[in-house]
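Visitor: mind folding the following:
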Amino acid sequence: MGICSEFSYKFISKQFSIKDKILSENYQIISPTKSTPEVILDPKGTIKLTGRLIPENAEDFFNPIEEWINGYFKDPAEITCVEICLEYINSAGTKYLLDVIHKITHIHLKNNLGKFLINWYYKDEDEDMLEKGRFFSTDLDSPFNFIKVI
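Guide: Sure, this is the predicted structure:
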């Protein structure tokens, strides 16, 4: 079980119910694999990645995410929250994730004047993922909320 699996389940079950048909038509979930994370793209303002990001072809993995983001920012939610809860990221995953977050922070949100939060979850003893998050925050010149997961 991943570091944010329990959190993800609670978050999803409280916020979204397929039975209750709360999901909108632009809501998308990309199922996780052993090398890619679960991705939740919610037009109500959440972009969430949970799991491992070591894609064999990062461009193919990120293309549908970027397409969704392009559509989302035509009419974004009042607040957009990016939730990054990854156990591991390889160099290709780092590059593409950095590009996607850069696009959100420096292109779309400045044009749309929206509010934006980035929550970076890391396991208590995982200094590498904390440092990766700090690198992203510095490189993007954007504040991150670092949340320790026990």
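Visitor: all contacts plus neighbour counts: C-alpha atoms, from now on.
Guide: Fine.
Visitor: got the contact list for the residue most central in space within the chain?
Guide: In the chain, the residue lying closest to the centroid (CA atoms, centre = their mean) is K48, at 3.3 Å. By CA atoms under 8 Å, 6 or more residues apart in numbering, the contact list for K48 reads 38-41, 82-85.
Visitor: farthest pair within those?
Guide: Spatial extent of the contacts of K48 (CA to CA) is set by the pair L41 and C85 at 14.2 Å.
Visitor: and these two? Which one has more around it.
Guide: Taking other CA atoms under 10 Å, L41 and C85 do not tie; C85 has more neighbours (27 against 21).
Visitor: is that one in contact with L53, as I believe?
Guide: No - counting by CA atoms under 8 Å, C85 does not reach L53; the two are 10.1 Å apart.
Visitor: hey, where'd the strands end up in the protein?
Guide: With DSSP state E as the criterion, the chain has strands at 28-30, 38-42, 46-53, 79-89, 115-123, 145-149.
Visitor: count of residues packed around P64?
Guide: Around P64 sit 13 other residues, with neighbours defined as other CA under 10 Å.
Visitor: distance of it from L41?
Guide: Separation of P64 from L41 (CA to CA, to the nearest Å): 10 Å.
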